[in-house]
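Colleague: sequence first, then the predicted structure, then my questions.
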Amino acid sequence: MRVFLNPGHALDGNPDPGACGFGLRECDVAKSVAELVEQYLTAAGVEVVGNLQSDSLEEVVDVSNESEADLFISIHCNACNGNARGTEVWYYHRSAYGEMLADCIRHQIVDALGTADRGSKGAKPGVNGLYVLNNTGATAVLVELAFIDNEQDAQLLREKQDDFARAIARGVTDYEREVF
């Protein structure tokens, strides 16, 4: 199984760091978690064929598609109003495998970190479609780790990046056992 990782937003936050809160920037958290996920997947014998952080979604999709990855995992932090909390994972709305991967990763994160379970959600083009999910050839998910603008979630994002990464990697291997 071949996995492509995409930490969300621009490398070094220029021009877009993504969501910010409590001294954290989404681009930094996503990059750190993605690097750790790569290490854990590699140690588990899963081939990581890319780990690209770019503000160009077209570039991300093109490089992922050229890599012939089986799975595409985009890593992000959510933000809303400071009150919302928890983990949610998005997948292309017509992808049964995407939903299965989303569920595997979400369950691992919620169980390991105790985040609020906001569910797995299908992204539909023209409604709530997410570009990378709609245009990537691989089974694709977008992981919203937690809310960076919520004090409790931000503390997890600051202190438990390794735990988030381990949970994502376990979710991938859970999926691998179910599908491959």
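Modeller: Looks like it came in fine. Please read these numbers as outputs of a predicted model, since none were measured by experiment.

Colleague: wait, what's in contact with Y131?
Modeller: By Cβ atoms under 8 Å, 6 or more residues apart in numbering, the contact set of Y131 is 57, 61. Any C-beta I mention is one placed from the backbone N, CA and C, and that applies to glycine too.

Colleague: which phi and psi does it have?
Modeller: Backbone torsions for Y131, taken as degrees, to the nearest 10, come to phi -50, psi -50.

Colleague: confidence score at it?
Modeller: On the pLDDT scale, Y131 is placed at 95.

Colleague: residue numbering should commence at 12 henceforth.
Modeller: All set: I'll call the first residue 12, so the last point we hit is now Y142.

Colleague: what about the helices in this protein?
Modeller: 37-54, 68-78, 107-124, 142-146, 162-170, 172-190 (DSSP state H).

Colleague: could you list the buried residues of stretch 138-148?
Modeller: Buried residues in stretch 138-148, counted by 16 or more other Cβ atoms under 10 Å: 140-141, 143-147.

Colleague: as TSV, the helices of the chain with distance to G29 would be great.
Modeller: Output for those, formatted as TSV (distance: least, Cβ to Cβ, whole Å):
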stretch	distance to G29
helix 37-54	3
helix 68-78	13
helix 107-124	18
helix 142-146	14
helix 162-170	12
helix 172-190	15
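
Colleague: rewinding a little: may I see the buried residues of stretch 138-148 arranged in JSON lines, with distance to S131 as well?
Modeller: Compiled in JSON lines, the buried residues of stretch 138-148 are given as follows (distance: Cβ to Cβ, whole Å):
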{"residue": "G140", "distance to S131": "16"}
{"residue": "L141", "distance to S131": "13"}
{"residue": "V143", "distance to S131": "16"}
{"residue": "L144", "distance to S131": "12"}
{"residue": "N145", "distance to S131": "16"}
{"residue": "N146", "distance to S131": "20"}
{"residue": "T147", "distance to S131": "17"}
